[in-house]
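K.L.:
sequence first, then the predicted structure:
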Amino acid sequence: MSALDELEPEPAEATALFGDRIDLARRFAHALAEHGEERGLIGPQEVPRLWNRHILNSAVAAPLFPTGGRVGDVGSGAGLPGIVLAIARPDVEWVLIEPMERRVAWLAEQVEGLGLENVTIERARAEEAGRYEEILDAVTARAVSALRTLIPWTAPLVRDGGELILLKGQSVEGEIEKAAKVIRKHKLSDVRVEVLGEGEIAEPTRVFRAVVRG
């Protein structure tokens with residue numbers, strides 16, 4: 001049985017989240033299912049839950065980003081959430097920031113193959129991302145690091161009054177407590193957690209949101 005045979009059936013909610021760009025989402029899902037493990041992008045147990053755990057979990061955050069904005073995805077990796085969000089939000093300019101050459105190559109292949117004209121790729125280490133020369137309206141990240149480490153990497157990228165929109169797990173409240181000092185240091189305000197997709201998708205998404213130097 002091929003890896004593609006293990007891909008879970010496409011959930012009905014996918015069409016609602018991607019609209020007329022659902023075919024691009026399907027192509028990305030199939031590519032990741034077929035090549036993700038062999039290229040070290042996802043673990044061996046992820047293909048059977050790729051849609052619900054990863055793709056829809058990322059896509060449900062798409063409405064949070066500013067129309068016409070420029071948004072960075074730090075540690076983009078397999079393209080979760082960056083490629084998924086770029087498919088769902090063609091009206092946003094996405095900068096995928098990733099240090100590993102093989103992952104950058106994968107991202108470039110997907111951007112070209114899917115015809116994503118709203119994406120650029122920046123090869124950089126997460127801790128060096130603050131050196132990125134063009135300021136961003138918002139920054140996102142998923143499964144990169146705890147907030148006390150992630151905030152110092154991401155907040156410097158964002159313009160004054162811009163936003164961090166970080167996709168987190170169930171432990172996010174505890175991460176916020178441990179990150180209290182860096183939250184103050186980087187002058188974050190309106191700090192909150194939003195739970196997206198409850199009653200809509202199988203695995204709701206927790207999002208850490210905060211305004212940077214607002």
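P.N.:
Yep, it's here. Numbers count the residues shown, from 1 in each chain.

K.L.:
CA atoms only: put the one helix or strand P152 maps to into PDB for me.
P.N.:
Under the assignment given by DSSP states H and E, the secondary-structure element containing P152 is helix 147-154. What follows is helix 147-154 as a C-alpha-only set of coordinates in PDB (Å, rounded to 0.1, in the frame of the first residue of the first chain):
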ATOM      1  CA  LEU A 147       6.000  31.000  23.500                       C
ATOM      2  CA  ARG A 148       8.800  32.200  25.800                       C
ATOM      3  CA  THR A 149      11.200  31.200  22.900                       C
ATOM      4  CA  LEU A 150       9.000  32.000  20.000                       C
ATOM      5  CA  ILE A 151       7.900  35.500  20.900                       C
ATOM      6  CA  PRO A 152      11.500  36.900  20.800                       C
ATOM      7  CA  TRP A 153      11.900  35.300  17.400                       C
ATOM      8  CA  THR A 154       8.700  36.600  15.900                       C
END
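
K.L.:
ok, and what's touching it?
P.N.:
72, 74, 126-127, 129-130, 139, 141, 144-145, 164, 166, 168, 172, 175-176, 178-179, 181-183, 185-186, 188, 208 (Cβ atoms under 8 Å, 6 or more residues apart in numbering). Any C-beta I mention is one placed from the backbone N, CA and C, and that applies to glycine too.

K.L.:
who does the strand of greatest length in the chain pair up with?
P.N.:
Of all segments of type strand in the chain, defined using DSSP state E, the longest is strand 158-168. Strand 158-168 has its sheet partners listed here by DSSP bridges as strand 136-142 (parallel), strand 205-212 (antiparallel).

K.L.:
okay, those strands in TSV with distance to E101, mean pLDDT and mean neighbour count next?
P.N.:
Shown next, in TSV, are those (distance: least, Cβ to Cβ, whole Å; pLDDT from 0 to 100; neighbours: other Cβ atoms under 10 Å):
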stretch	distance to E101	mean pLDDT	mean neighbour count
strand 136-142	20	96	24
strand 205-212	29	97	21
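
K.L.:
turn those into a markdown table, including distance to G40.
P.N.:
Formatted as a markdown table, the entries for these read as follows, by distance: least, Cβ to Cβ, whole Å:
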| stretch | distance to G40 |
| --- | --- |
| strand 136-142 | 17 |
| strand 205-212 | 24 |
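
K.L.:
so which of those strands is nearest L196?
P.N.:
Of all the strands paired with strand 158-168, strand 205-212 sits nearest to L196, with 4.5 Å by Cβ to Cβ.

K.L.:
skipping adjacent residues, who's closest to the residue nearest the centre of the chain in space?
P.N.:
Central residue of the chain (Cα atoms, centre = their mean): P81, 2.4 Å from the mean position. The spatial neighbour of P81 that comes closest, neighbours along the chain excluded (Cβ to Cβ, 6 or more residues apart in numbering), is S58 at 3.5 Å.

K.L.:
and for A88?
P.N.:
Spatial nearest neighbour of A88, excluding adjacent residues (Cβ to Cβ, 6+ apart): A62 at 3.9 Å.
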